[in-house]
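A.B. asks: just a sequence and a predicted model for now, questions to come.
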Amino acid sequence: RVPEPTDILSRFHIAPIDLPPGRTVLLLRGRTGSTMTVDLKLRKLDALLIEERGFFALQSFYLGIAVIFGLSAFGLFAYSRHSIYLVYIVNLVAHSMLWLLINGTGPGYLWPTLARTVHLDPHPFIWLTVYGTGAFAADFLSTTRVPVLVCRALKVMAAMGLIMGVAGFFVPEDDIYWSHALVSNVALPILAALFGLTGIGLYRGEPAARPLMLTWLGLVAAVVFALLRDIGVIPNNTFTLSGAQLGSIFEMLVFAFMLVERLGRLQREKEQIQREALAAAREHEMVLEQRVADRTAELDAANVRLRAIVSSAPFPLLLVRESDGGVLYANQRACDLLGASRDVIVGRPGGDWLVDPSVRDRLVAVLDRRGVVEDLEVELRRGDGTLFWALMSVVRIVYDGEPVRLVALNDITRRKQMESDLR
């Protein structure tokens, strides 16, 4: 007589059995849509639960590593925005869920209430591991050393794994056999092809192919280990039942190492680019400074020449600032004509010497329109207040790095007086 199972949390199906004294023959009948290893034992409950503690300690270690790696990958994704970290997280979750379902820790210990009403098939998670593994390999082998066809084949495998993984969640429980058949007939050959494609990258000298090949060898060893256990070559115990899961941990470690190494390499490349950019900027700055110095020297030399020309000119010349109309320089003939010293003239607005201030606006309008003013008759006031007439010519030039007006004067007071006398 076999009563209903108990509510004791365990990865095993536990049921109390009353056995009469003497020899008893137990017959077990099971039905599954996949392969199944049946480890039937008659144990005292206390001894069984004590033995379970070691197994659950190993599962806690596995889940702890998965959580740490998952959070680290999410942090790296938030920092770098590289999708490969999301692929790693999907692969990590798929591996974790796969082993929690296979070894019974999930439905028997973590979500026993849900397991009584909802059946979670492990096969979709196998397909998701195919997706994660293929996408990871495609990303790391997408270099100039590896043929483009290899990378495309890996991407096709990853896409197939993702599609089959998502579709597997919608397979009815009665049709799980077909999920198992697809895994056996398609997924396993894909993983074998993945091994061969990585070998091509290894042959072509791609550095990333070495840790990937090491990962595939670890997974193959784990599968062989599980096969030997299933056929009875090695015994069933906590270690042998978790051998394949240890291979999964090995894959997570290698993938994490590759991600960290890539991040470090990208950081080093970034720093190298920054150093080169800084060196180039400094070199450009030095060249620019030299050009500025040369240009400044040229302007200084040009200013010296211009001032020498203005100073030695045989007629009155003034340099008037364009921005505010202040006089920058006046030669000696201009000082004599205006009847004031250079200290009085320089800095004073040029328009102050005009008898009619409106002449300045007319002069600026002509200068803006024609670019030059030639022989404009203006009435000026000397420093002592006497008035005189002059012909004013103006042209724009650059002096000491700023736009100025070069003003030339020609005293026509005597001519104006003669014209007045003739009239």
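C.D. replies: Good, I have the coordinates. A quick note: this is a predicted structure, and the numbers were derived from the prediction, not measured.
A.B. asks: give the buried residues for stretch 155-172.
C.D. replies: 155, 157, 158, 160, 161, 162, 164, 165, 168, 171 (16 or more other Cβ atoms under 10 Å). In short, each C-beta sits where N, CA and C put it, glycine included.
A.B. asks: isn't the last one right next to residue 180, touching?
C.D. replies: I take that to be residue 171. No: look at residue 171 against residue 180 with Cβ atoms under 8 Å: they stay out of range, at 10.2 Å.
A.B. asks: now do the shared contacts for those two.
C.D. replies: residue 123 (Cβ atoms under 8 Å, 6 or more residues apart in numbering).
A.B. asks: thinking again about what came up before, let's have the buried residues of stretch 155-172 in CSV, adding secondary structure.
C.D. replies: Formatted as CSV, these follow (DSSP: H, G, I helix; E, B strand; the rest coil):
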residue, secondary structure
155, helix
157, helix
158, helix
160, helix
161, helix
162, helix
164, helix
165, helix
168, helix
171, coil
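A.B. asks: return the member of those nearest to residue 195.
C.D. replies: Nearest to residue 195 among the buried residues of stretch 155-172: residue 157, at 11.5 Å, using Cβ to Cβ.
A.B. asks: ok, now which ones touch that closest one?
C.D. replies: Taking Cβ under 8 Å, 6+ apart, we find residue 157 in contact with 130, 134, 190, 193, 194.
A.B. asks: on that earlier part again, of the buried residues of stretch 155-172, which is the nearest to residue 370?
C.D. replies: For the buried residues of stretch 155-172, the closest approach to residue 370 (Cβ to Cβ) belongs to residue 155, at 71.1 Å.
A.B. asks: for that closest one, which non-adjacent residue is closest in space?
C.D. replies: residue 138 (4.8 Å; Cβ to Cβ, 6 or more residues apart in numbering).
A.B. asks: that neighbour and residue 149 touch, don't they?
C.D. replies: No: counting by Cβ under 8 Å, residue 138 does not reach residue 149; the two are 11.8 Å apart.
A.B. asks: so between the two, which is more surrounded?
C.D. replies: Set side by side, residue 138 and residue 149 show more neighbours around residue 138, with 24 against 10, by other Cβ atoms under 10 Å.
A.B. asks: picking up where we left off before, report the buried members of the contacts of residue 157.
C.D. replies: Neighbour counting over those (16+ other Cβ under 10 Å) leaves 130, 134, 190, 194 as the buried ones.
A.B. asks: pLDDT score for the nearest residue to residue 151 once chain neighbours are set aside?
C.D. replies: Nearest non-adjacent residue to residue 151, counting by Cβ to Cβ, 6+ apart: residue 142, 4.8 Å away. Confidence at residue 142, expressed as pLDDT, is 87.
A.B. asks: repeat for the one 4 residues further on
C.D. replies: We note a pLDDT of 89 for residue 146 in this prediction.
A.B. asks: next one: residue 306
C.D. replies: Per-residue pLDDT puts residue 306 at 68.
A.B. asks: pull out the buried positions in stretch 347-365.
C.D. replies: 350, 351, 353, 354, 359, 360, 363, 364.
A.B. asks: picking up where we left off before, wait, a strand at the residue nearest to residue 151?
C.D. replies: No: counting by three-state DSSP, residue 142 is located in no strand; its state is coil.
A.B. asks: might one say that it is in contact with residue 152?
C.D. replies: No: contact criterion Cβ under 8 Å: residue 142 and residue 152 do not qualify, at 9.7 Å.
A.B. asks: of these two, who's got more company?
C.D. replies: With neighbours defined as other Cβ under 10 Å, residue 142 and residue 152 compare such that residue 142 has more, 16 against 12.
A.B. asks: quick check: the gap between the more buried one and residue 209.
C.D. replies: Between residue 142 and residue 209 the distance is 12 Å, computed by Cβ to Cβ, to the nearest Å.
A.B. asks: got it, and residue 119?
C.D. replies: Going from residue 119 to residue 209 by Cβ to Cβ gives 39 Å.
A.B. asks: comparing those two, which residue is more hemmed in?
C.D. replies: Under the criterion of other Cβ under 10 Å, the comparison of residue 119 against residue 209 puts residue 209 first, with 24 against 12.
A.B. asks: verify the stated contact: the more buried one with residue 201.
C.D. replies: Yes: look at residue 209 against residue 201 with Cβ under 8 Å: they come within range, at 3.5 Å.
A.B. asks: can you pull the residues that touch both of these two?
C.D. replies: Common neighbours of residue 209 and residue 201 (Cβ under 8 Å, 6+ apart) are 141, 146.
A.B. asks: secondary structure element for the nearest residue to residue 165 once chain neighbours are set aside?
C.D. replies: Of all residues not flanking residue 165 in the chain, residue 127 sits nearest, at 3.5 Å (Cβ to Cβ, 6+ apart). With elements taken from DSSP states H and E, the one containing residue 127 is helix 123-140.
A.B. asks: same question, residue 392
C.D. replies: Here residue 392 is assigned to strand 387-399, by DSSP H and E.
A.B. asks: by how many degrees do the helix or strand hosting residue 292 and strand 387-399 diverge?
C.D. replies: Assessed by DSSP H and E, residue 292 sits inside helix 243-312. Helix 243-312 runs at 150 degrees relative to strand 387-399, counting by axes from the mean of the first three to the mean of the last three Cα atoms, to 10 degrees.
A.B. asks: angle of helix 243-312 against helix 123-140?
C.D. replies: Using the same axes, to 10 degrees: helix 243-312 against helix 123-140 is 40 degrees.
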